[in-house]
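Visitor: I'd like to go over a predicted model; first the sequence, then the structure.
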Amino acid sequence: MKEKYQRLTSDQGMSFSDEDILSAMRAIPGYVDLTPGDFKLIFEHAFDLARKKILHDTKVADFMTTPVISINQDQHVSELVDILTEHNISGVPVVDDAGLVVGAISEKNIFRSLAQSAEVRPMRMLAACLTTPFFLTDRERAQQVKNLMTSPAITIAQDASLADVVEIFHAKDINRLPVVDEHGYPVGIISRQDSVRIFRRFL
Amino acid sequence: MRQYFSKMRGVSQPPPLPRKKEVVLAFVGSCLALSFIALMHESFSNALGLPLIMAPFGASAVLVFGAFRSPLAQPRNVLGGHVISALIGVSVYYLVGDAPVLAISLAVPTAIAAMYLSGTLHPPGGATAFVTAAGGSSIHALGYWYVLSPCALGSIILILFGLVINNIPAKQQYPQFW
């Protein structure tokens, strides 16, 4: 039994001390004819079920942002900047002429190109600004989205779960995840904020 | 084998002790309920052929007033446990006659199984099965009437006192289920 408690708690990355359990039991009026060990066991089983329900039964379609604003890969960076400014967002999925998601592009990609460096830091940007005669050059402005975008696109299906989203955000250094239907057309987008908002429901 | 014996060391600790006012309420509640039962019995009901006193009610009072949250202390358990166990105890007596060893060793296990299966497990029911199967001539003389009185009547009185007393504190509630 003891081993079982420990396995359960380490699986979920959190554990309850006996003192936590005892103070919870003290908060319940009347004699609770249950040992703290059983109380803990019941609680942890219920907690585990609830945790699984939240992570696996919450589907991407339940918390993605729609409609998704996207950009064609042949459009120019100047148009991208307009779109990002207009919608006050920092990145969009990139689609081809058929409307399929082929990549993603964000302000980071533009900054990298401008700073001629993979590292995006405000101070480096400022340095580039001050040392380059024509900072936002015509070449940069006319650059097509497909030349700067990150591809292939990391996307997720509508029926994927919150657990999948957390895994992807954890494994990849990205801030938004385009949601695609079974054919690859964009149907929504999930930002890091969207996934935080889901957890806020359970606060 | 080592694992078998190591299980005897236990894994947990006792639950926390109740607050002082809970102890007081358990004392007062059980005192009122049992004195009511005893006074009724003494003053007239026993004379009318409706005895109300039996030892297992002492055990029931522990649960109804001392562990009222327990599934074992809920109304269906109190009433069902005593009635089912008494039916079994009296039946076993009729079956085996004046043979206490056999009566006890049949009645109590059967009562446990029946309470389990009917969802009315109530530990004092085991005592009821015990006394009805081998409790002496005065109990045997009542036959199945013993199921009604004291078992059913006394259980109902205990439950009613439990409802009145246990619900007095704002944060306490009885029963958990009917």
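Guide: Structure received. Numbering: from 1, shown residues only, chains lettered A, B, ... in the order given.
Visitor: not counting sequence-adjacent ones, nearest residue to residue A:63?
Guide: residue A:198 (5.0 Å; Cβ to Cβ, 6 or more residues apart in numbering or on different chains). For every residue, glycine as well, the C-beta is placed using N, CA and C.
Visitor: and the one you found, how far from chain B?
Guide: Noted for residue A:198: a distance of 33 Å to chain B, by Cβ to the nearest Cβ, to the nearest Å.
Visitor: ok, now which ones touch that residue?
Guide: A:58, A:63, A:162 (Cβ atoms under 8 Å, 6 or more residues apart in numbering or on different chains).
Visitor: shouldn't it be within a strand?
Guide: No: counting by DSSP: H, G, I helix; E, B strand; the rest coil, residue A:198 falls outside a strand, being helix.
Visitor: dump the residue contacts of the residue of chain B found nearest chain A.
Guide: When distances are taken as Cβ to the nearest Cβ, chain B reaches nearest to chain A at residue B:12, 2.9 Å away. Contacts for residue B:12 (Cβ under 8 Å, 6+ apart) come out as A:35-38.
Visitor: same question for residue B:125.
Guide: B:56, B:81-82, B:84-85, B:111, B:115.
Visitor: host element of it?
Guide: In this assignment (DSSP states H and E), residue B:125 forms part of helix B:123-134.
Visitor: average model confidence for that helix?
Guide: The average pLDDT within helix B:123-134 is 96.
Visitor: pick out the most distant pair among the contacts of residue B:12.
Guide: Greatest spatial distance among the contacts of residue B:12 (Cβ to Cβ): A:36 and A:38, at 7.6 Å.
Visitor: higher neighbour count, these two?
Guide: Taking neighbours as other Cβ atoms under 10 Å in any protein chain shown, residue A:36 and residue A:38 compare with residue A:36 leading, 22 against 16.
Visitor: and the nearest residue to that one once chain neighbours are set aside, how many neighbours?
Guide: Spatial nearest neighbour of residue A:36, chain neighbours left out: residue A:21 (4.6 Å); criterion: Cβ to Cβ, 6+ apart. A count of nearby residues for residue A:21, using other Cβ under 10 Å, gives 22.
Visitor: what's the answer for the one 4 residues further on, then?
Guide: Counted with other Cβ under 10 Å, the burial measure for residue A:25 works out to 17 neighbours.
Visitor: give me the buried positions along whichever strand or helix holds it.
Guide: Secondary structure assignment for residue A:25, by DSSP H and E: helix A:18-27. In terms of neighbour count (16 or more other Cβ atoms under 10 Å in any protein chain shown), helix A:18-27 has its buried residues at A:21-22, A:24-25.
Visitor: name the single longest helix found in chain A.
Guide: Longest helix in chain A by number of residues (criterion: DSSP state H): helix A:36-57.
Visitor: list the helices and strands that helix packs on?
Guide: Helices and strands touching helix A:36-57, as assessed by 3 or more Cβ pairs under 8 Å, 6 or more residues apart in numbering or on different chains; DSSP states H and E, comprise helix A:2-11, helix A:18-27, helix A:162-171.
Visitor: so how far is that helix from its chain's centroid?
Guide: The chain centre lies 25 Å from the centre of helix A:36-57; the measure is Cα atoms, centre = their mean, to the nearest Å.
Visitor: quick one: mean pLDDT for that helix?
Guide: Predicted confidence along helix A:36-57 averages 88 (mean pLDDT).
Visitor: quick one: contacts of the helix or strand following it?
Guide: Next along the chain after helix A:36-57, taking DSSP H and E as the criterion, comes helix A:60-63. Defining contact as Cβ under 8 Å, 6+ apart, one finds that helix A:60-63 is touched by A:156-162, A:164-165, A:179, A:188, A:190, A:194-195, A:197-198.
Visitor: with stretch B:30-43 instead?
Guide: Contact with stretch B:30-43 is made by B:51-53, B:57-58, B:61-62, B:64-66, B:150, B:154, B:157-158, B:161-162, B:165, as judged by Cβ under 8 Å, 6+ apart.
Visitor: repeat for stretch A:16-33
Guide: Stretch A:16-33 has contacts (Cβ under 8 Å, 6+ apart) with A:9, A:34, A:36, A:39-40, A:43-44, B:13, B:15-16, B:18-19, B:22, B:66-70, B:72, B:169, B:171-172.
Visitor: again, only using 7 Å
Guide: Contact with stretch A:16-33 is made by A:36, A:39-40, B:13, B:15-16, B:18, B:22, B:66-70, B:169, B:171-172, as judged by Cβ atoms under 7 Å, 6 or more residues apart in numbering or on different chains.
Visitor: for residue B:144, state which of the residues you listed is nearest.
Guide: Distances from residue B:144 to those, taken by Cβ to Cβ, are shortest for residue B:70, at 29.1 Å.
Visitor: pretty sure that closest one contacts residue B:63?
Guide: Yes: with contacts counted by Cβ atoms under 7 Å, residue B:70 reaches residue B:63, the gap being 6.0 Å.
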